[in-house]
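In: All I have is the shape, not the residue letters:
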DNA sequence: GATCCTTGTCACAATTGTGTCACATTATAG
DNA sequence: CTATAATGTGACACAATTGTGACAAGGATC
């Protein structure tokens, strides 16, 4: 994972300079853009591995821009971390809907910035690599976004897909509801723990039609585990 | 989930009670201190994995205390999260200089508190996992939350699991009932000593089906001990 | 705008775990 | 050997956790 590239979209140069200095020292390369137009140029020149996006940009809100990035094929898989000022946190949820991966509220420490960048990159990249994951006859194809058992398709919602993807790529290990929220939904979403149960239920139902719900096991007092065993 | 311990340094009992309640449910053990003196006592008794520190303490600012903790060898690596009231955020940067790892501004939701605690702990000690513990043919795998003897699964409740985990990671040593309550249940529960007996009984029963109950030995007048030897 | 799908939350049901008690059993002191 | 204290054990009420169906809000699609 050497030489990952980060695009900083931020109109205050004081801030983007500080950010640049920090991520430089962390071993990443980066470019700064002051508006969406510059950003487009940067992206064309070199596709970044991650985008740091200010909440407010000249002429457009960061969220709207994030949505736009999500629609373009080129950029739809690039993780986005939003930089919010104090008091804008109430709108966080809107951002997660737009596909934002994480938030940092200003002022933040260099440590925190680097930690979140690392966390997001770690979370995102393992998914990209092995696009096909098969355990027994249960097969998950990330690139075509399909789950199948013996070539017959298993229908499920996007969240269930991501959940199954995470579980299948991390089998034989128990994850608490909070951890699953962290890893599957994203770090700081404020969602009830119990919501995970409901999605587990939906996932089991989808797999159950094909007899594979037994792979998803409840560990009382701890969380859930994916395992072909027993 | 290896029973991490948190120290809460906060002079308002209403707040520290609420915090305690929350982190209890998140599976951590904790102690509360109302001032730096009490804090020192708590640290001496059991070194915490994380410190929650109020911005203002009787006689000293939280930041100054944080700096002091950073100077002591014993505490310099323990992550600190500061609790700030609204309006004190402008001083965040000073705190980061003092080596503070994160901030939470009051009022905060339990969910946010737990999320930040986990984030900081994960950031600081990412390698605290795995922990497969095997003695003879008895194997306890913390990450998959499984106990097995010769690959056949041993069923037990959550408390029995934690108890066995503690005993297996601290073999050859006698623990009194009160100590076990402290270490396995958490130091702030009010439970009868004799309850430990019942859980020992349940644990023995689970292991006994596989012939491993002899590992849990009663030391009359003292407590219990885990040991492969008779 | 009408329709469909997804999603988070809730309320209630089903299940499982927990702490305490009473009584049985065992060890130890005298 | 007996008295006494410590530990083992089964039962049980109730607490806590998890499963499940329903629902309303919000997006997406057309």
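Out: Perfect, I can see it now. Remember, it's a predicted structure, so these values are computed and weren't measured experimentally. Residues are numbered from 1 along each chain as shown, chains lettered A, B, ... in the order given.

In: Do you have the strands of chain A handy? List them.
Out: Assigned strands in chain A, in chain order: A:5-9, A:29-33, A:50-54, A:56-57, A:60-61, A:80-84, A:102-105, A:132-135, A:138-141, A:146-149, A:152-154, A:174-175, A:216-219, A:223-226 (criterion: DSSP state E).

In: In chain A, where is pLDDT below threshold?
Out: Along chain A, segments meeting pLDDT under 70 span A:1-3, A:73-74, A:85-99, A:107, A:122-131, A:186-189.

In: Which positions in it make contact with DNA strand C?
Out: Counting by C-beta under 7 Å from any atom of the strand, chain A comes close to DNA strand C at A:157-160, A:185, A:190-192, A:194-195, A:198-199, A:202, A:220-221. C-beta here means a position set from N, CA and C on the backbone, and glycine is covered the same way.

In: now the strands of chain A as JSON lines including mean neighbour count and distance to residue B:174?
Out: Compiled in JSON lines, the strands of chain A are given as follows (neighbours: other C-beta atoms under 10 Å in any protein chain shown; distance: least, C-beta to C-beta, whole Å):
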{"stretch": "strand A:5-9", "mean neighbour count": "22", "distance to residue B:174": "55"}
{"stretch": "strand A:29-33", "mean neighbour count": "19", "distance to residue B:174": "57"}
{"stretch": "strand A:50-54", "mean neighbour count": "24", "distance to residue B:174": "53"}
{"stretch": "strand A:56-57", "mean neighbour count": "17", "distance to residue B:174": "63"}
{"stretch": "strand A:60-61", "mean neighbour count": "14", "distance to residue B:174": "63"}
{"stretch": "strand A:80-84", "mean neighbour count": "24", "distance to residue B:174": "51"}
{"stretch": "strand A:102-105", "mean neighbour count": "21", "distance to residue B:174": "47"}
{"stretch": "strand A:132-135", "mean neighbour count": "14", "distance to residue B:174": "45"}
{"stretch": "strand A:138-141", "mean neighbour count": "18", "distance to residue B:174": "48"}
{"stretch": "strand A:146-149", "mean neighbour count": "18", "distance to residue B:174": "52"}
{"stretch": "strand A:152-154", "mean neighbour count": "13", "distance to residue B:174": "53"}
{"stretch": "strand A:174-175", "mean neighbour count": "22", "distance to residue B:174": "30"}
{"stretch": "strand A:216-219", "mean neighbour count": "16", "distance to residue B:174": "30"}
{"stretch": "strand A:223-226", "mean neighbour count": "22", "distance to residue B:174": "32"}
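
In: Mind putting those strands into JSON lines with distance to chain B?
Out: Listed next are the strands of chain A as JSON lines, based on distance: least, C-beta to the nearest C-beta, whole Å:
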{"stretch": "strand A:5-9", "distance to chain B": "19"}
{"stretch": "strand A:29-33", "distance to chain B": "21"}
{"stretch": "strand A:50-54", "distance to chain B": "18"}
{"stretch": "strand A:56-57", "distance to chain B": "19"}
{"stretch": "strand A:60-61", "distance to chain B": "23"}
{"stretch": "strand A:80-84", "distance to chain B": "13"}
{"stretch": "strand A:102-105", "distance to chain B": "9"}
{"stretch": "strand A:132-135", "distance to chain B": "15"}
{"stretch": "strand A:138-141", "distance to chain B": "19"}
{"stretch": "strand A:146-149", "distance to chain B": "23"}
{"stretch": "strand A:152-154", "distance to chain B": "25"}
{"stretch": "strand A:174-175", "distance to chain B": "4"}
{"stretch": "strand A:216-219", "distance to chain B": "5"}
{"stretch": "strand A:223-226", "distance to chain B": "6"}
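
In: taking the residues of chain A next to DNA strand C one by one, which sit in helices?
Out: The members of those that map onto helices under DSSP state H are A:158-160, A:194-195, A:198-199, A:202.

In: Between those residues, identify the one with the most neighbours.
Out: Among these, residue A:160 has the most neighbours (other C-beta atoms under 10 Å in any protein chain shown), with 22 neighbours.

In: so who does that residue touch?
Out: Contacts for residue A:160 (C-beta atoms under 8 Å, 6 or more residues apart in numbering or on different chains) come out as A:199, A:202-203, A:206.

In: now for the strands of chain A, which one comes closest to residue B:164?
Out: strand A:216-219 (14.7 Å; C-beta to C-beta).

In: And the closest one, what does it pack against?
Out: helix A:194-208, strand A:223-226 (3 or more C-beta pairs under 8 Å, 6 or more residues apart in numbering or on different chains; DSSP states H and E).

In: Return the distance of the shortest one from the chain's centre.
Out: What separates the centre of strand A:223-226 from the centre of its chain is 20 Å, taken as C-alpha atoms, centre = their mean, to the nearest Å.

In: partner strands of it, parallel or antiparallel?
Out: strand A:174-175 (antiparallel), strand A:216-219 (antiparallel) (DSSP bridges).

In: got the contact list for it?
Out: With contact meaning C-beta under 8 Å, 6+ apart, strand A:223-226 is reached by A:167-168, A:170-177, A:179-180, A:196, A:200, A:215-219, B:144-145.

In: if I look at the residue lying closest to residue A:153 once chain neighbours are set aside, how far off is residue B:177?
Out: The shortest distance from residue A:153 to any non-neighbouring residue, by C-beta to C-beta, 6 or more residues apart in numbering or on different chains, is to residue A:146 (6.5 Å). Distance check for residue A:146 against residue B:177: by C-beta to C-beta, to the nearest Å, it reads 55 Å.

In: Ok, residue A:62 next?
Out: From residue A:62 to residue B:177 the distance is 57 Å (C-beta to C-beta).

In: swap in residue A:225?
Out: 32 Å.

In: what do you get for residue A:64?
Out: Using C-beta to C-beta, one gets 61 Å for the distance from residue A:64 to residue B:177.

In: Among those two, which residue is more densely surrounded?
Out: residue B:177 (18 against 13).

In: Any idea what the residue of chain A found nearest DNA strand D is bridged to?
Out: Nearest residue of chain A to DNA strand D (C-beta to the nearest atom of the strand) works out as residue A:218 at 3.6 Å. Beta-bridge pairing for residue A:218 (DSSP bridges): residue A:224.

In: Quick check: phi and psi at the spatially most central residue of chain A.
Out: The centroid of chain A falls nearest to residue A:101 when counting by C-alpha atoms, centre = their mean (4.5 Å). Per-residue torsions, residue A:101: phi -90, psi -30 (degrees, to the nearest 10).

In: How many neighbouring residues does residue A:65 have?
Out: Neighbour tally, residue A:65, other C-beta under 10 Å: 22.

In: hang on, it packs against residue A:58?
Out: No. Taking contacts as C-beta atoms under 8 Å, residue A:65 lies outside contact range of residue A:58: 10.9 Å.
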